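Engineer: sequence plus the predicted model coming up.
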Amino acid sequence: MADAPREVWITGIGIVSCLGEGAEAHWQGFSERRIKIDAERFAPYLVHPLAPLDLDKQIPKKGDQRQMEPWQRIGTYAAGLALADAGVKGNTELLARTDMIVAAGGGERDVAVDAAILTNKPKSANPEAFLNERLMSDLRPTLFLAQLSNLLAGNVSIVHGVTGSSRTFMGEEAAGFDAIRIAHARITAGQSELALVGGSHNGEREDLLLLYDAGGYMLRGPFKSVWARQGGMVLGSLGAFLVLEARGHAEARNAKPLAQLSRVVSERSARPAGAITAVLTRMWQSLVPQPSAGTAIISGATGAQPATNEERAWLKTVPDIPVRATGSLLGHGLEPQFAMNVALATLALGRKKLFPPGDSSGVEREYEGSLKRIAVTAVGHWRGEGMALVEAVG
């Protein structure tokens, strides 16, 4: 007879966003419905800018700070917060056994180099040779049009001493929920005892805004909450890491659980009309077959269509469950969005209450009841669907 799957506890969270850093800043921000938008710098696009961080607190060496681009600094900072929250930071014996799974994009482009090449290439007598010469001489060895995606994991290892196994996943929202799904699966199967999992995103980038607008995914004009948009994302700069731990391992070192990560599932539908609603129904039934009092949903809805409208249609099939879409306050962070929402679910369960609605469209409603479990949804702006069940412990 096979051993029963082991419980996975969340013993640490590290989060940074436009609302600030850490649990208290985010709880206050959501409690006050604090929306921070920069509508000027990248007009007509909107962004949720990262709150100022004292990098010295988590990245003490100036040399380390200088060699990182913003997305790496954001993630390394958030990872340090998570390790400290779990009581793991600075413990070399534990850090040597901490497995790391990071969700990251391709890194940031050097916009100045891009602009110089695009300006001067048409003027060159031999445009192809000019392009090759500039790419060879102007880009650092760590760039392949953008930075290597595993640089974040490397910097977390260097700065914080995390030296267990390391994996980096690429693939936008799907990378984020699969990173957590696989970390969870490895712990339940006995292949890992302690894991640091998460990612980071710098939404304040001209290249990303142009990229997603070319696909028709960006919101233009006045700000609206996620559910009130006719279509379009508002990017946010954020970092989110979780420390996941086998229950027995946590108990042996007297670590207290913040919540239990009970299950994580993911799919990738071809997305014909109605597919997202059907996928969410299947995942919900596998996680919460008989929802009871104290159940809520935290949604990673992006505002992009038709994905957001199909998730909204699914929510109508579970009308008694209170819903919160965090993107209305934080913006959309792609790879780390799922880890951020699992962390926010953990905060709510720890306080035994749900934060107020951030939307007046009717999708979200006031809820003052008890809180025992939260389903976290992730519907990628163009591909990938995931869901996790986070439950209170004790």
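Structural biologist: Thanks, I have it.
Engineer: CA atoms for contacts and neighbours, from now on please.
Structural biologist: OK.
Engineer: give me the low-pLDDT residue ranges for the stretch 1-150 of the chain?
Structural biologist: Low-confidence segments of the stretch 1-150 of the chain (pLDDT under 70): 1-3, 140-147.
Engineer: now with 80?
Structural biologist: Along the stretch 1-150 of the chain, segments meeting pLDDT under 80 span 1-4, 107-110, 139-148.
Engineer: now the strands for it?
Structural biologist: With DSSP state E, counting those that start in this stretch, the ranges of strands along the stretch 1-150 of the chain come out as 8-17, 20-21, 47-48, 99-103, 143-144, 146-147.
Engineer: closest to the centroid, which residue in this protein?
Structural biologist: For the chain, the residue nearest the mean C-alpha position is Pro336 (1.7 Å; Cα atoms, centre = their mean).
Engineer: for that residue, grab phi and psi.
Structural biologist: Main-chain torsions, Pro336, degrees, to the nearest 10: phi -90, psi 0.
Engineer: hmm, who's touching stretch 199-213?
Structural biologist: With contacts defined as Cα atoms under 8 Å, 6 or more residues apart in numbering, stretch 199-213 is touched by 42, 45, 47-49, 70-72, 74-75, 102-105, 108-109, 111, 176, 218, 235-241, 333-336, 339.
Engineer: run the last query once more with 7 Å
Structural biologist: 47, 49, 70-71, 74-75, 102-104, 218, 235-241, 333, 335-336 (Cα atoms under 7 Å, 6 or more residues apart in numbering).
Engineer: just stretch 51-66 next, same as before
Structural biologist: So stretch 51-66 is in contact with 17-20, 73, 77, 80, 159, going by Cα under 7 Å, 6+ apart.
Engineer: how about the helices in the stretch 201-350 of the chain?
Structural biologist: Ranges of helices in the stretch 201-350 of the chain, per DSSP state H, counting those that start in this stretch, are 206-214, 247-252, 275-287, 307-315, 327-330, 337-351.
Engineer: and among the ones you listed, the most buried is which?
Structural biologist: A comparison of these by mean neighbour count, using mean count of other Cα atoms under 10 Å, puts helix 327-330 on top with a mean of 27.
Engineer: any idea of the mean pLDDT for it?
Structural biologist: The average of the pLDDT scores along helix 327-330 is 98.
Engineer: thinking again about what came up before, closest one to Ala4 among the helices of the stretch 201-350 of the chain?
Structural biologist: For Ala4, the closest of the helices of the stretch 201-350 of the chain is helix 247-252, at 12.8 Å, according to Cα to Cα.
Engineer: circling back to that earlier point, how about the contacts made by the residue nearest to the centre of the chain?
Structural biologist: Counting by Cα under 7 Å, 6+ apart, Pro336 has contacts 103, 176, 198-201, 239-240.
Engineer: so what pLDDT did it get?
Structural biologist: On the pLDDT scale, Pro336 gets 98.
Engineer: how much space separates it from Gly90?
Structural biologist: 24 Å (Cα to Cα, to the nearest Å).
Engineer: same question, Glu69
Structural biologist: Between Glu69 and Gly90 the distance is 24 Å, computed by Cα to Cα.
Engineer: the two: which is more packed in?
Structural biologist: The residue with more neighbours, out of Glu69 and Gly90, is Glu69; 17 against 14, by other Cα atoms under 10 Å.
Engineer: tally of neighbours for Glu108?
Structural biologist: By the other Cα under 10 Å criterion, the neighbourhood of Glu108 contains 21 residues.
Engineer: so of the contacts of stretch 51-66, which ones are in helices?
Structural biologist: Among these, the ones falling in helices (DSSP state H) are 73, 77, 80, 159.
Engineer: for Leu81, see how far away the residue nearest to the last one when sequence neighbours are not counted is.
Structural biologist: If the residues on either side of it in the chain are set aside, Val159 comes closest to Ile59, at 6.5 Å by Cα to Cα, 6 or more residues apart in numbering. Taking Cα to Cα as the criterion, Ile59 is separated from Leu81 by 11 Å.
Engineer: ok, those two, which is more surrounded?
Structural biologist: Using other Cα under 10 Å as the criterion, Ile59 and Leu81 rank with Leu81 on top: 26 against 19.
Engineer: hang on, the more buried one packs against Gly14?
Structural biologist: Yes. If you go by Cα atoms under 7 Å, Leu81 and Gly14 touch, sitting 4.5 Å apart.
Engineer: given the host helix or strand of Gly199, what are its sheet partners and their directions?
Structural biologist: Assigned by DSSP states H and E, Gly199 belongs to strand 194-201. Sheet pairing of strand 194-201 (DSSP bridges) gives strand 99-103 (parallel), strand 238-246 (antiparallel).
Engineer: could you give the angle of the first one to helix 337-351?
Structural biologist: Yep, that's strand 99-103 we're talking about. Relative orientation of strand 99-103 and helix 337-351, computed by axes from the mean of the first three to the mean of the last three Cα atoms, to 10 degrees: 120 degrees.
Engineer: buried residues, strand 99-103. List them.
Structural biologist: Of the residues in strand 99-103, 99-103 count as buried by neighbour count, 16 or more other Cα atoms under 10 Å.
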